[in-house]
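In: Fold the following and give me the result.
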Amino acid sequence: MADKKVNDTEQSPAGNPQPDLRVALIEQFKIMPIVMVACERVRVPRPTFYRWLKRNKKFKKAVEKAIEEGKEYFNDLNEARMAALMQDKNWNVIRYHLEHHHPDYIKKRKDDDKEDAGPSVIILHEHEDTK
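Out: Next up is the predicted model:
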């Protein structure tokens, strides 16, 4: 049964739609917060997952919490990867990190200078309408 995809009409002996698969999905979201990937790994069709989500508020809350946990895990994982690349002197990663985290290297956006530029002036030609 491990290779077989489930449909939402299959039920456990207790009569509930595949509680083990729902638990497996929740655990998968904690390490992979992407619906398509998590569903593929557990072999649950996405329409089935969304039906379960719609029908079961407790399951929906658990999924939302697991996805948030998974996002935090993903961020930690990627920060560790960035740190390893910086240790390997990957200058693109080093530059990216500095430009996004260090005030001396953050690039100013053009919009940031607009306050100092003074008032905006719009010149209309006689044939242009102001509407």
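
In: Okay, buried residues for stretch 67-80 please.
Out: For stretch 67-80, the neighbour count (16 or more other C-beta atoms under 10 Å) marks 67, 70 as buried. For every residue, glycine as well, the C-beta is placed using N, CA and C.

In: Now do it, average pLDDT.
Out: Stretch 67-80 carries an average pLDDT of 94.

In: which residues make contact with it from outside it?
Out: Residues from elsewhere that reach stretch 67-80, judged by C-beta atoms under 8 Å, 6 or more residues apart in numbering: 29-33.

In: Make a markdown table out of these and add pLDDT.
Out: As requested, the contacts of stretch 67-80 are exported to a markdown table (pLDDT from 0 to 100):
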| residue | pLDDT |
| --- | --- |
| F29 | 97 |
| K30 | 96 |
| I31 | 94 |
| M32 | 93 |
| P33 | 95 |
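
In: Can you show me the CA trace of the helix or strand bottoming out on mean pLDDT in the chain as CSV?
Out: Least confident helix or strand of the chain, by mean pLDDT, DSSP states H and E, is helix 91-101 with a mean of 88. Output of helix 91-101 as CSV, limited to C-alpha atoms (Å, rounded to 0.1, in the frame of the first residue of the first chain):
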residue,chain,number,x,y,z
TRP,A,91,31.8,36.6,-2.8
ASN,A,92,28.3,36.7,-4.3
VAL,A,93,26.8,35.4,-1.1
ILE,A,94,29.0,37.6,1.0
ARG,A,95,27.9,40.7,-1.0
TYR,A,96,24.3,39.7,-0.9
HIS,A,97,24.4,39.2,2.9
LEU,A,98,26.1,42.6,3.5
GLU,A,99,23.7,44.4,1.2
HIS,A,100,20.7,43.1,3.0
HIS,A,101,22.0,43.1,6.6
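
In: now the helices: where do they sit in the chain?
Out: With DSSP state H, the ranges of helices along the chain come out as 19-31, 35-42, 46-55, 57-87, 91-101.
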